[in-house]
Every structure is written in C-alpha cells, then in structure tokens.
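[1] Sharing a model prediction with you, sequence too.
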Amino acid sequence: MQNQIGAVLKIVGGTVIGLGLFLAIVAGSESESFVVFFSGFLVSLVVGMVLIGLSEIIRLLEVINGNIPKRHKKITMSSNDTLVDEPSQPISTKEEDDIRSFLQKYDVEIEKIIPTPKEDFFIIKTSARYFLIEMGGFTPKIINEDKWPEELAGWFQHYNQQ
C-alpha cells in the first residue's frame, strides 16, 4: 500500500520537471538565449527532484514502520500466557547463596527470593520494591522493573494475584 501523499508528491515532482522543460524551451526560444533555457530548466529540475525525493523518504519511512514489531496490549497478554501456567524453576542453595552474597555488595536487604519459570531468573522482594536478577552468564545482572521481559512481567502479575 502506497501512501497517498507520497504518490501525489511524486506526480507533482514529475509534472514540475515536465512543465519546467516546456516553459524553458518556450522562454529560451523567445529570448534566443541558451542561458534562459538552461536556468529555467535547472530550477524546475531541482524543485521536481526535491519533491520526488520527499516522496521516496515517505515511502522508506512506511517500509521502516511496517518492519517495526507492534507492541499492543493484546500481543503482550498472549505472550504472557505462555509462562502463566508454568511452574517455577527450583532454586538451589548455591544459587540462593550467590544471590545473597551478590546483593550484599549493594546493601540490599532481601525479604524474599521468588524463583520464576525462566531458568536463571529470580525476582527479589525488598521492603521498598521488586527487581529481577539474572544469574546466567559470568556475573549476575540486576534488571529494573521497567526492563523486565514481557512474559516474566505477565507471570509475576499472575503470581501476585494468587
């Protein structure tokens, strides 16, 4: 589907170039001057190409917009459903000790460690807030609540309602 404004700009740009050529020929022959012809045609060519270029920019922006994944609430809810019924991964004592020693460096007092269905992801409850910690990799990573993966955010909402 082509944008109507882009299509109109392309048509107007072509028309400006065509009319500019015609008027430049008429003006050049009337004045018997090549300079008048050339300058008139050059002006119409530049203006027409700018309009055609703008239509191409609009077309490319539409292509880019079509390639960006849409994040609608409906899609989010359906992706959250994939983990809602999944059981939590068991937490080993080593993982719990690793989490506690890692968070001690940041003076975080842990109220509860909540294992999630995703492996190596744990939700930490403190007196002030919740945050996610990822234990996979070489060092643990703290993930703030606004950066949680969608499926874990949905699972946690469901977990809190129980």
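    Now that the structure is in, tell me what you want to look at. Numbering: from 1, shown residues only.
[2] Regarding residue 139, what is its secondary structure?
    Judged by DSSP: H, G, I helix; E, B strand; the rest coil, the three-state class of residue 139 is coil.
[3] Could you report the neighbour count for it?
    8 (other C-beta atoms under 10 Å). Every C-beta, even on glycine, is put in place using the N, C-alpha and C of the backbone.
[4] Look up how far residue 8 lies from it.
    Going from residue 139 to residue 8 by C-beta to C-beta, to the nearest Å gives 56 Å.
[5] how close does the closest residue to residue 48 other than its chain neighbours sit to residue 38?
    In this structure, residue 48 finds its nearest non-sequential neighbour in residue 17, 3.6 Å apart by C-beta to C-beta, 6 or more residues apart in numbering. Here the criterion is C-beta to C-beta. By it, residue 17 lies 14 Å from residue 38.
[6] out of these two, which sits in the more crowded spot?
    A direct count of neighbours by other C-beta under 10 Å for residue 17 and residue 38 places residue 17 higher, at 19 against 12.
[7] Residue 43 versus that one, what's the distance?
    Using C-beta to C-beta, residue 17 is found at 11 Å from residue 43.
[8] got a list of what the residue of the chain most remote from its centre touches?
    Here the chain reaches farthest from its C-alpha mean at residue 32, the gap being 57.3 Å by C-alpha atoms, centre = their mean. Shown in contact with residue 32 (C-beta atoms under 8 Å, 6 or more residues apart in numbering): no residues.
[9] next one: residue 11
    Residue 11 neighbours (C-beta under 8 Å, 6+ apart): none.
[10] And the biggest helix by length in the chain, what does it pack against?
    In the chain, with assignment by DSSP state H, the single longest helix is helix 34-67. The contact analysis (3 or more C-beta pairs under 8 Å, 6 or more residues apart in numbering; DSSP states H and E) places helix 34-67 against helix 4-31.
[11] so how far is the helix it packs on from its chain's centroid?
    Offset of helix 4-31 from its chain centre (C-alpha atoms, centre = their mean, to the nearest Å): 39 Å.
[12] Tell me the buried residues in that helix?
    Using 16 or more other C-beta atoms under 10 Å as the test for burial, helix 4-31 gives 6, 9, 10, 12, 13, 16, 17, 20, 21, 24, 28.
[13] Which one of the residues you listed is nearest to residue 115?
    residue 6 (51.9 Å; C-beta to C-beta).
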